[in-house]
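Asker: next input, structure requested:
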Amino acid sequence: MTEKPPSDPDMTFREVAAISDLKPSLVGSVVYTFFPVRRRVVMENLRQVFGDQLTEKEFRRLARCIYGHVATTIREYLTMMVSSERRIADRVDVVGVEHVLKAAEQGRGVLILTGHFGNWELSAVAAMLQFKQYRNRFHVIRKPLGLGMEGVVFGRFREAGLTVINRMNALATTLDVLEKNDVVIFIMDQHNVVGSKAIEVEFFGKVAGTNRSLAMVARQSGAPVIPAASYRKSDGRHVMEFHPPLEWIAAERPREELYLNTLAYNRVLEKFVLAHPDQWLWAHRRWKIGSNRPSKRRLRELKMGRR
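Answerer: Modelled structure (predicted):
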């Protein structure tokens with residue numbers, strides 16, 4: 001018999017933030033009003049998540065806070081590039097380190113489930129500095145940056161001990177590093193084209209193209225999955241929080257097993273979003289499935305007469 005995913009995973013989260021308690025900054029209000037980059041996407045995503053739970057005034061208030069968070073994150077990132085490791089570590093409180101260390105005792109490696117929450121660059125660097133024994137044993141799967149930008153953008157991460165697993169042959173490489181009891185980070189809150197690597201899984205009540213690799217690796221390796229997210233506190237300090245590992249959800253059919261566990265991962269990410277709704281990457285088009293809007297490439301093809 002199939003086990004259904006828990007509606008409330010055994011994790012300790014703060015209560016969902018009240019929108020009325022959020023205070024838009026002057027910079028956030030100015031950017032929202034005069035430099036509304038992807039404002040339409042931001043508002044569409046907010047309405048997908050909150051529906052009729054918020055008034056138009058609350059939607060605009062939240063949006064101004066989101067743009068303020070982005071502006072602050074950019075400033076913090078530029079400062080981080082010239083800051084010492086000690087100064088970076090002093091700005092971030094890392095909570096739940098014991099969950100990662102205990103999971104590593106199993107000897108199967110550790111999988112980190114996370115997304116674009118808070119200032120993920122600053123908090124990730126600070127968190128890795130807490131695990132000196134894992135220097136150069138943290139890995140993340142992503143495409144390399146071109147045009148000489150790899151060192152500029154990724155330099156501080158490499159210095160802190162993070163390495164990149166190229167998407168080509170990523171599964172085999174990931175299993176290899178897990179056998180060495182290393183840590184692999186899966187960023188799961190962005191759209192993936194449904195196909196060999198992604199499946200349709202609900203996210204805030206609407207299907208979204210979601211990478212199934214984490215569930216596949218967890219099933220094959222037996223490595224524990226540790227949820228983690230960062231957020232900025234009202235005093236400007238940051239928190240990177242690791243939670244207890246998620247329980248694997250068994251099912252009779254492999255495809256259903258992948259779906260159920262990936263759904264459970266999305267539900268965890270939903271909780272992270274709601275805990276700090278002003279600190280997620282709302283400008284990303286998370287729900288592309290079912291959209292009738294052609295891509296830019298397809299529009300160019302149509303203009304050239306291609307069908």
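Asker: ok, for Thr173, nearest residue in space, not its chain neighbours?
Answerer: Spatially, and ignoring its direct neighbours in sequence, Thr173 is nearest to Ile165 (5.0 Å; CB to CB, 6 or more residues apart in numbering). For glycine as for every other residue, the C-beta is placed from the backbone atoms N, C-alpha and C.
Asker: what about the helices in the stretch 51-200 of the chain?
Answerer: For the stretch 51-200 of the chain, helices defined by DSSP state H, counting those that start in this stretch occupy the ranges 56-80, 85-90, 97-104, 120-128, 149-160, 170-179.
Asker: just put the ones you listed in a markdown table and tack on mean neighbour count, distance to Ala283 and mean pLDDT.
Answerer: Rendered in a markdown table, the data for those read as follows (neighbours: other CB atoms under 10 Å; distance: least, CB to CB, whole Å; pLDDT from 0 to 100):
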| stretch | mean neighbour count | distance to Ala283 | mean pLDDT |
| --- | --- | --- | --- |
| helix 56-80 | 18 | 8 | 95 |
| helix 85-90 | 14 | 25 | 89 |
| helix 97-104 | 17 | 30 | 95 |
| helix 120-128 | 24 | 14 | 91 |
| helix 149-160 | 14 | 18 | 71 |
| helix 170-179 | 16 | 26 | 94 |
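Asker: Trp280 is nearest to which of these?
Answerer: Each of the helices of the stretch 51-200 of the chain was checked against Trp280 via CB to CB, and the shortest separation belongs to helix 56-80, namely 7.9 Å.
Asker: how far off centre is the closest one?
Answerer: For helix 56-80, the separation from the chain centroid amounts to 17 Å (computed by CA atoms, centre = their mean, to the nearest Å).
Asker: now swap in stretch 247-266 and tell me
Answerer: Relative to the centre of its chain, stretch 247-266 is centred 19 Å away, using CA atoms, centre = their mean.
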